[in-house]
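Novice: Would you be able to build a 3D model of this:
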Amino acid sequence: MGGYILNNVLQFDHDVTVLVRQPKKIVPHQRLTIITGNVLNKEDIAKALSGIEVVISALSTDGTNTLSVSMQLILEAMKKRMIKRIITVGTAGILQSQMDPSLLRYQSKESKRKSTWAAEEHHEVFRFLRESDLHWTIICPPYLSSGNFTGRYRIERNFLPQDGVAISIPDVADLVYKEVLSMNYLNSRIGIAY
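Specialist: Residues are numbered from 1 along each chain as shown. The predicted model follows:
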């Protein structure tokens, strides 16, 4: 996911800084600063956030609490640097349930997942963002396919579009970039699907 988002942003002549563990996977670009480090290290995060206006996080869950722990560190570093805007990629599990809007999808019968670990980690990130004074947006896809970019998808604030079951990674990356520019969904989750 991160690579697609990076390519979108660089395509439109923005200066970008990335924090990565394996810089060999990143193609150099004149407008790209690569910081080699770990998202669980405060100093590495501080380097990556120097001079930044918008933070984009495409971290996934890894079976541990890396996502939620790193988000706390990122939010702390953003506060110190007075960075107000963050966009993250979450999961459709943290959207409101269509069947019971008092529940999140992963808490309801709407979700078919047997394991809720990833959704619980993303839910924790949602809590942190909701309790912050930041301008945040969480883009929440269902099943991510490796399909092509179409530019034709449906979005809905805080819910997954009706009967949405999949979306391609390039289309999610497209919405991330559009939200950087538009800020139409401040302090909201965006469900995205075909």
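Novice: looking at it, Thr36 is touching Lys24, isn't it?
Specialist: No: assessed by CB atoms under 8 Å, Thr36 is found out of contact with Lys24, at 9.7 Å. The way it works is simple: take the backbone N, C-alpha and C, and place the C-beta from them, glycine included.
Novice: dump the residue contacts of the residue lying closest to Asn38 once chain neighbours are set aside.
Specialist: Distances taken as CB to CB, 6 or more residues apart in numbering place Asp44 nearest to Asn38, at 5.5 Å, with adjacent residues excluded. Counting by CB atoms under 8 Å, 6 or more residues apart in numbering, Asp44 touches Leu19, Ile35, Gly37, Asn38.
Novice: any chance of the residues you listed in JSON lines, plus neighbour count, distance to Ser111 and secondary structure?
Specialist: Compiled in JSON lines, the contacts of Asp44 are given as follows (neighbours: other CB atoms under 10 Å; distance: CB to CB, whole Å; DSSP: H, G, I helix; E, B strand; the rest coil):
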{"residue": "Leu19", "neighbour count": "22", "distance to Ser111": "31", "secondary structure": "strand"}
{"residue": "Ile35", "neighbour count": "16", "distance to Ser111": "36", "secondary structure": "strand"}
{"residue": "Gly37", "neighbour count": "17", "distance to Ser111": "34", "secondary structure": "coil"}
{"residue": "Asn38", "neighbour count": "14", "distance to Ser111": "31", "secondary structure": "coil"}
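Novice: ok, so of those residues, who is nearest Thr91?
Specialist: Closest to Thr91 out of the contacts of Asp44 is Leu19 (21.5 Å), distances taken as CB to CB.
Novice: So what sits opposite that closest one in the bridge?
Specialist: Assessed by DSSP bridges, Leu19 has beta-bridge partners Ile35.
Novice: Buried residues, stretch 156-165. List them.
Specialist: If you call a residue buried by 16 or more other CB atoms under 10 Å, then stretch 156-165 has these buried ones: Glu156, Phe159, Leu160, Pro161, Gly164.
Novice: One more: stretch 33-42?
Specialist: Per 16+ other CB under 10 Å, stretch 33-42 contains these buried residues: Ile34, Ile35, Gly37, Val39.
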